[in-house]
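> No letters, just coordinates:
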């Protein structure tokens, strides 16, 4: 059986969420034993200086034994963000009149002010 045939056989159900430069793929797949699991893939488009583009992909495999805990934590985390910041998107990218406010928070480990100097990381960095 070819690799393409195996991929077609494993994929049972799919949904796509397009979100700007990011696309999320939600796929139900089948294990060799005949059970189902979910893969969540983030695909992000990047452009090279010459105008060509490429995609970076990150994938999560989610198995049935983890569904309940995953769903509970995801619901808790999303509700926390909405409760704390609301549903409105606040960013330079989404609001042309966005003004970045400098703020400081206290870190429990150091009890010193932590400023807004955050470095973006990706799963590849871990």
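Looks like it came in fine. The structure presented is a predicted model; accordingly, all values stated were derived computationally and were not measured.

> remind me, longest helix of this structure?
helix 67-85 (DSSP state H).

> residues in contact with it?
residue 62 (CB atoms under 8 Å, 6 or more residues apart in numbering). From N, CA and C alone the C-beta is placed, and that goes for glycine too.

> does residue 25 really touch residue 58, like I thought?
No. Residue 25 is not in contact with residue 58 according to CB atoms under 8 Å; the separation is 10.9 Å.

> who has more neighbours, those two?
Neighbours were counted for residue 25 and for residue 58 using other CB atoms under 10 Å; residue 25 has more, 15 against 12.

> Pull up the per-residue confidence for the more buried one.
On pLDDT, residue 25 comes in at 96.

> Chain neighbours aside, what residue packs nearest to it?
Using CB to CB, 6 or more residues apart in numbering and skipping the chain neighbours, the partner closest in space to residue 25 is residue 41 (4.3 Å).

> Please work out the average pLDDT along whatever helix or strand that neighbour lives in.
Residue 41 belongs to strand 36-47 when assigned by DSSP states H and E. Mean pLDDT, strand 36-47: 94.

> sorry, back to before: any shared contact partners between residue 25 and residue 58?
residue 41.

> what's the nearest residue to residue 61 if we skip its chain neighbours?
Nearest non-adjacent residue to residue 61 (CB to CB, 6+ apart): residue 39, at 5.6 Å.
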